[in-house]
Structure formats: structure tokens, C-alpha cells
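# Give me the fold of what follows.
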Amino acid sequence: MTDLLRFLWVPLLLGLAGCDPAPPATRDSTPTAVGPKPLRVIIRTAPPTFWGKPWGMAGLELELAELFAARLKRPLETLSISEDRLIVDTLTAGQADIAVASLPDLSLWADRLTFSEPLIDSRYVIVYRGDAPDIDDLPLAGVALAANESAYAFAREHPEFINRIRPYPEFDAFQLMRKVDAGTVPMVLTQASKFELVRTAYPALKATASIGGDVAMGWAIGRQGDRDLLFQANQLLTRLKNSGALAELMEKHLPGEPLKPVDALTFDRHIDDRLTLYWPYFVEAGEATNQDPMLLSAVAYQESHWRRRAKSPTGVRGVMMLTLTTAKEMGVSNRLDARSSIMGGAGYLRKLRDRLPASVVEPDRTYMALAAYNVGYGHLTDVRKLTEKLGGNPNRWDDVRDTLPLKADKEYYQDTRYGYARGWEPVAYVDNIRNYYNALLTRNRQVQALALNESSED
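Below you'll find the model as predicted:
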């Protein structure tokens with residue numbers, strides 16, 4: 001992931017508001033009669049918390065909250081909240097100690113919150129379709145925005161938006177961008193990172209240049225909150241930034257877009273120092289499951305960047321990032337053993353492909369299996385049914401791909417069997433793997449040579 005793309009994504013993955021919330025959830029350590037007081041931390045019910053994953057919560061915010069609680073030696077209690085306004089209200093009311101769901105440091109909130117030192121900068125843009133809007137001559141009430149997200153507070157600080165905005169309390173930015181794509185809303189003001197997240201799903205959408213410059217993002221406490229807690233947060237964030245640990249966490253959790261110019265060098269280096277170690281296992285797994293070892297390698301790079309000891313705080317581990325349940329299902333006793341992980345992941349992907357109905361043919365079959373590997377077979381089944389209901393072809397990946405983002409829209413997911421999912425994640429996931437696969441075939445002579453050698457031995 002390039003530095004530019006990482007900075008575009010970081011604001012969202014550090015805690016920007018997401019889609020209509022999934023059912024609230026907490027990860028609590030029940031306090032006992034003695035011992036330290038639980039640390040009540042707000043994280044967002046949004047893309048970084050991975051609600052669509054079969055194993056539950058995971059992501060950058062949660063991992064940072066766990067690190068912070070461990071530093072303070074206090075049990076962690078998380079409050080999952082989706083809306084910026086509700087986060088601000090909760091902190092102001094003293095119902096939470098701190099929000100690790102980073103908020104933009106806006107003047108409208110200055111008398112209610114105290115922010116940590118800036119962690120990263122955010123940018124606001126207008127997302128549109130067709131001709132670019134004239135920022136100096138915006139139509140009256142023509143700029144949509146989510147009333148409960150930070151874009152509303154941002155707009156109130158900028159005179160160019162006086163009488164130009166139309167707040168929607170019932171929709172979030174993702175729903176509004178979908179409406180822009182459909183032509184029912186002319187434009188929407190939102191954070192650039194949110195636009196970057198859905199750009200793959202809605203390629204016709206465009207964004208203006210940054211409006212009003214960069215806005216600092218940080219953790220926050222209520223104005224009457226514990227200043228020592230904020231001091232400890234600043235120390236942790238500074239240490240993570242200076243050590244490079246924060247950058248590593250971002251790389252682990254950000255889906256991103258593959259093979260930008262800067263990332264190509266990293267990708268090639270990983271081929272040389274990681275893939276060459278495990279290539280025989282991918283070949284073996286491909287032969288055992290009748291799948292292309294290049295495809296399996298691309299999946300593994302998306303999952304772990306070919307790291308044998310890769311793991312998440314929720315328990316997924318190994319080169320193929322298997323859950324404990326999946327590992328047991330596939331007979332994998334040691335997920336950190338590269339060969340076992342690759343064989344198990346390949347077998348599970350094959351199982352998903354075989355589970356799809358015969359009416360789904362290649363290459364759509366592979367793309368849907370990959371989406372199911374990411375978001376779960378149940379969610380994929382929901383989306384295929386929804387695709388057919390909306391007049392699309394449930395056996396065609398392009399139609400299913402267009403429908404997947406609706407899994408994060410309450411108007412649609414509330415009527416599905418498996419409920420809310422981050423529908424744009426499998427879209428980006430499959431796109432990334434396809435790009436990695438093409439890169440493996442065409443960009444690195446060493447891997448091409450490995451593939452040719454294997455073919456010549458058959």
C-alpha cells in the first residue's frame with residue numbers, strides 16, 4: 001500500500017463512522033470486588049471492527065484499545081457506537097473514559113471534548129458523479145451529508161456550505177454515496193477515506209480536491225474527563241508511531257489497493273524472501289485440491305503477506321489466517337505451521353467452491369468462493385438471493401459484486417437471514433486477489449520460473 005493510499009484510508013480505519021450499526025456488542029472483562037476499574041473505551045460499529053467476519057470483532061481500533069488497556073493494567077470494556085454525534089454525547093455524559101475511535105478535531109466540539117495529540121490527518125471531499133461541482137457556487141440544499149457524522153460539524157465551520165447542505169439523519173455516508181451512484185442524490189460531503197473505501201464498488205463516483213485543508217484526527221475524552229488518561233494515551237501513540245508498530249498495525253488491518261508503484265517493490269521483495277520459502281506448499285496444495293497454486297499464493301498474500309506467524313487479536317492465524325473452527329474442520333492442528341495452514345486454507349476454499357450450485361460457472365465460481373472465504377458463505381448466499389430479487393443474475397459475479405455493498409445498508413440487510421456485513425470488503429478482497437494473481441504471473445520473473453519449472457516436471 002502506498003503512503004498516499006495509507007493516509008487516505010487511515011482516518012476511516014482509525015474510527016470514522018460507518019454504516020447503519022450492527023447489533024451493539026461489547027468485549028467485557030467483568031469487574032470483581034477488588035482490582036482495577038475497567039477501562040470503558042468507545043470503538044466504532046463500523047468497517048474497522050469487521051462485523052461481517054464469522055469470528056466477530058477484529059480490527060485496528062480494537063487492537064489499539066487492547067494495547068492501551070494492557071498498558072494501564074486495567075480490564076477492557078468496549079462500547080461499540082457507530083455515529084460521531086453519539087460518541088461525542090457519550091463522552092460528554094461521562095459514560096465512557098475515552099474514544100479510540102479517532103475523531104476529527106473540529107471547533108464545534110471544542111467545548112465538549114479534549115483531544116489527544118494528532119494521530120493522522122483527515123480530509124473532506126464532495127463525492128459526485130458526472131461533472132465536477134463548483135465549490136464556490138454550490139446549489140442551495142444540494143450537498144447531502146449524514147447528519148450524525150462529522151461532516152455535519154465540518155460543514156458548519158465553513159461558510160461555503162451556508163444554506164448549501166442537506167442533512168440526512170436517516171442515512172450514513174455510505175448509503176448516501178450509493179444514492180449518488182444511483183443518481184437519486186446529486187453529491188455528498190464526506191471524508192476522503194470513506195470515498196476510498198467504496199471507490200472500487202462504485203467506479204463511476206469521483207471526488208473533488210480536499211476542501212478546507214487537513215483536519216487533525218485524534219483520540220478523545222470528555223471535557224471533564226481524566227487528563228492523566230489522555231497523557232497515557234499520548235505516550236502510547238507516540239511510542240507506537242516512533243517504533244513503527246503503528247505502521248505495522250495499519251498494514252495488517254487496511255485492505256487497501258495492491259501494487260501501486262511504491263508497493264510493487266515491497267511485493268517483489270516479499271516474493272523473494274517469503275514466497276520462495278512456501279512455494280512448494282502452494283504447489284502441493286494446488287495439486288491436492290485441483291486449484292491454481294498462483295491463486296492460492298495470491299489469497300495468502302492478501303491474508304497475511306505470506307507471514308507464517310501472522311495472527312490477529314481475535315484468533316485467526318497463519319499464512320492463510322484460519323480461524324480455530326476452520327482449522328479443526330480442515331484437520332489443521334498447528335495453524336502456525338506454514339504447510340498445514342496452506343493445505344487447510346486451500347481445502348477450505350475448495351470446499352466453498354464445491355458448495356456453490358452448479359449454475360455458477362467459472363470464473364464467477366472462483367470469485368464467489370473468494371468472497372465467501374472473506375465474508376462467509378451465509379452472507380454470500382444472502383447477497384445472491386438479494387441480487388436475484390433486485391433483477392440481477394445471482395450466478396454472475398459482476399451482478400453479485402454490485403449487490404454486495406447493500407449488505408451494509410439497513411434497508412436491505414435487515415431482511416436477510418445473516419444480517420449486517422461489510423459488503424464492500426469482499427468486493428475489495430476479490431479485486432485485490434485478482435490483482436495479486438496477475439502480478440504473480442506477469443511482474444516477477446522468479447515466480448514465473450517457479451511456475452514453469454513445476455509445469456515442466458508434470
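# Could you report the neighbour count for residue 353?
20 (other CB atoms under 10 Å). Just so you know, the C-beta spots here come from the backbone N, C-alpha and C atoms, and that holds for glycine as well.
# What sits closest to it if chain neighbours are left out?
The shortest distance from residue 353 to any non-neighbouring residue, by CB to CB, 6 or more residues apart in numbering, is to residue 369 (4.1 Å).
# Can you report phi and psi for that neighbour?
phi -60, psi -40 (degrees, to the nearest 10).
# What of residue 435?
According to degrees, to the nearest 10, residue 435 has phi -70, psi -40.
# Looking at per-residue confidence, what score does it get?
pLDDT recorded at residue 435 is 82.
# okay, now it: neighbour count?
15.
# Now for the residue nearest to residue 353: which residues touch it?
By CB atoms under 8 Å, 6 or more residues apart in numbering, residue 369 lies in contact with 349, 352, 353, 356.
# now the residues you listed as CSV including secondary structure?
Shown next, in CSV, are the contacts of residue 369 (DSSP: H, G, I helix; E, B strand; the rest coil):
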residue, secondary structure
349, helix
352, helix
353, helix
356, coil
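# How is residue 175 assigned, secondary-structure-wise?
Going by three-state DSSP: residue 175 is helix.
# Around it, how many other residues sit close by?
Neighbour number of residue 175 under other CB under 10 Å is 22.
# Look up how far residue 181 lies from it.
11 Å (CB to CB, to the nearest Å).
# Buried residues in stretch 97-113, which are they?
97-106, 108-109, 113 (16 or more other CB atoms under 10 Å).
# How about stretch 274-286?
Going by 16+ other CB under 10 Å, stretch 274-286 has these buried residues: 274, 275, 278, 279, 281, 282, 283, 285, 286.
# so, if you compare the residues you listed, which one comes nearest to residue 76?
Comparing the buried residues of stretch 274-286 against residue 76 with CB to CB places residue 274 closest, at 32.9 Å.
# Which parts of the stretch 351-458 of the chain are helices?
364-375, 377-389, 397-403, 410-413, 424-442, 445-457 (DSSP state H, counting those that start in this stretch).
# correct me, but residue 406 touches residue 412?
Yes - Residue 406 lies in contact with residue 412 (CB atoms under 8 Å); the separation is 4.2 Å.
# Overlap in contacts, these two.
Residues within reach of residue 406 and of residue 412 at once, by CB under 8 Å, 6+ apart, are residue 386.
# Between the two, which has more neighbouring residues?
For residue 406 versus residue 412, the count of surrounding residues by other CB under 10 Å is larger for residue 406: 23 against 19.
# wait, what's in contact with the more buried one?
Applying CB under 8 Å, 6+ apart, the residues near residue 406 are 178, 383, 386, 412, 413, 423.
# Which two of those have the greatest separation?
By the measure CB to CB, 178 and 383 form the most distant pair in the contacts of residue 406, at 14.7 Å.
# ok, the buried residues of stretch 97-113 vs residue 243, which is closest?
Proximity of the buried residues of stretch 97-113 to residue 243 (CB to CB) peaks at residue 100, which lies at 18.1 Å.
# how about low-confidence regions in this structure?
1-34, 45-59, 200-201, 248, 251-264, 313-314, 441-458 (pLDDT under 70).
# got the domain boundaries for it?
3-119+217-253, 124-213, 261-457 (automatic domain parsing).
# Most neighbours out of the contacts of residue 406, which is it?
residue 383 (32 neighbours).
# isn't that residue right next to residue 423, touching?
Yes - counting by CB under 8 Å, residue 423 is a contact partner of residue 383 at 7.2 Å.
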